[in-house]
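# coords please:
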Amino acid sequence: MKDSLKKILKYLLSMGLAGVLLWFSFREVEWADFVNELRSCRWGFILVSMAAGALAFLIRALRWHQLLQPIDPSISRITTFNGINIGNISNFILPRIGEFVRCGVITRRSEPSDPAVPERRKASFDKVLGTVVLERGWELLVMLMLLAIVVLGGFNRFGTFFVEQIWTPMASRLDFSIWWVVLLLSAAAAGCVYALWRFRDSNPFCIKVWNVCKGFGQGFSSCLKMDRKWLFFAYTVLIWTMYWIMAATSMWAAPFLDGLNVIDALFLSLVGGLGFAVPVPGGIGAFHFIISLTLMGVYGVPMETGIVYATLSHTSQAITQILFGLGSYVSEAIRK
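Next up is the predicted model:
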């Protein structure tokens with residue numbers, strides 16, 4: 001009962017945050033102008049953006065399949081593809097729940113590690129979760145590296161926005177007390193890790209947690225055992241190329257953004273990725289707010305106009321995720 005209440009409360013809080021961000025984004029929108037802007041868009045580019053999004057899902061599935069092979073070679077590419085899509089659609093229900101859901105899809109399809117104990121799988125949940133954390137950590141690193149290159153390369157335009165609109169307001173709200181909190185939390189985490197290691201063979205609870213951590217570590221280290229490591233990096237380049245095409249074609253669909261170029265599209269794609277880091281279902285509200293704020297702060301596009309681009313970009317990809325998510329759900333349901 002308590003767990004159910006916690007889940008409901010978490011969902012309501014995330015939906016409430018999404019609602020607040022949507023209100024901030026749309027509060028000055030004249031709906032007649034908004035509809036006219038949408039009517040003037042070039043919808044062929046939106047279809048190309050959706051196709052690029054679908055290809056990004058496929059390439060992500062291929063990369064994840066490569067990470068999972070050292071753990072369980074029986075995992076098929078269709079399973080990882082379905083896992084990615086079902087995870088994407090699950091994020092619209094509860095933020096970040098999709099990462100756990102897709103782990104469950106893989107574990108359910110994995111071969112038993114011991115025929116005498118069928119419930120024990122080669123790709124156990126903790127191992128698969130380790131590969132997800134590795135994949136997401138790698139994506140974050142690549143995104144921050146690209147963002148740093150773009151911002152430093154065009155500092156007069158992009159850097160000024162980050163300093164004035166993000167860093168300065170954030171720094172002004174922080175004082176030295178927060179560093180004491182960080183220090184105390186770090187010390188507490190280190191103490192927990194030491195206690196876990198110290199009693200890993202004697203305390204039942206520590207034994208269980210330690211075994212889960214070992215499985216997690218095995219999944220995380222799968223990158224060291226995979227074949228053709230260069231292919232992992234090639235998939236990453238292709239994924240970010242698809243993200244770039246998604247942003248560029250959505251931008252070209254909006255006549256009021258005709259003055260922007262492909263570097264601007266990459267910048268908007270990276271900033272939009274930060275919006276999906278906010279704990280709201282499917283990035284709803286957070287993506288709209290940060291994109292319209294960026295268009296206003298960097299390019300001088302009025303917020304009520306920038307929200308049209310944000311809506312085009314987010315809605316087209318949301319539709320793609322929902323369609324492929326439903327298709328993969330049906331696929332998993334009918335597969336034996």
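
# which pLDDT value belongs to residue 52?
Confidence at residue 52, expressed as pLDDT, is 96.

# and it, how close does it get to residue 245?
For residue 52, the distance to residue 245 (Cβ to Cβ, to the nearest Å) stands at 4 Å. In this view, the C-beta of every residue, glycine as well, is placed from N, C-alpha and C.

# and residue 70, by the same measure?
31 Å.

# same thing with residue 321?
Here residue 321 is placed at a distance of 16 Å from residue 245 (Cβ to Cβ).

# who has more neighbours out of the two?
Neighbour totals were compared for residue 321 and residue 245, and residue 321 leads with 23 against 20 (other Cβ atoms under 10 Å).

# was I right about that one contacting residue 88?
Yes - using Cβ atoms under 8 Å, residue 321 is in contact with residue 88, at 4.3 Å.

# overlap of the contact sets of these two?
Here residue 321 and residue 88 have residue 57 as joint contacts, going by Cβ atoms under 8 Å, 6 or more residues apart in numbering.

# show me what contacts residue 100?
Neighbours of residue 100 in contact, by Cβ under 8 Å, 6+ apart: residue 129.

# pull the CA atoms of the strand or helix carrying it into CSV?
In this structure, residue 100 is located in helix 97-109 according to DSSP states H and E. Provided in CSV are the C-alpha atoms of helix 97-109 (Å, rounded to 0.1, in the frame of the first residue of the first chain):
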residue,chain,number,x,y,z
ILE,A,97,10.9,4.0,-15.5
GLY,A,98,11.6,3.0,-19.1
GLU,A,99,15.2,2.1,-18.2
PHE,A,100,14.0,-0.5,-15.8
VAL,A,101,11.2,-1.8,-18.1
ARG,A,102,13.6,-2.5,-21.0
CYS,A,103,15.9,-4.4,-18.6
GLY,A,104,12.9,-6.6,-17.8
VAL,A,105,12.2,-7.2,-21.5
ILE,A,106,15.8,-8.5,-21.9
THR,A,107,15.8,-10.6,-18.8
ARG,A,108,12.5,-12.3,-19.7
ARG,A,109,14.0,-13.4,-23.1
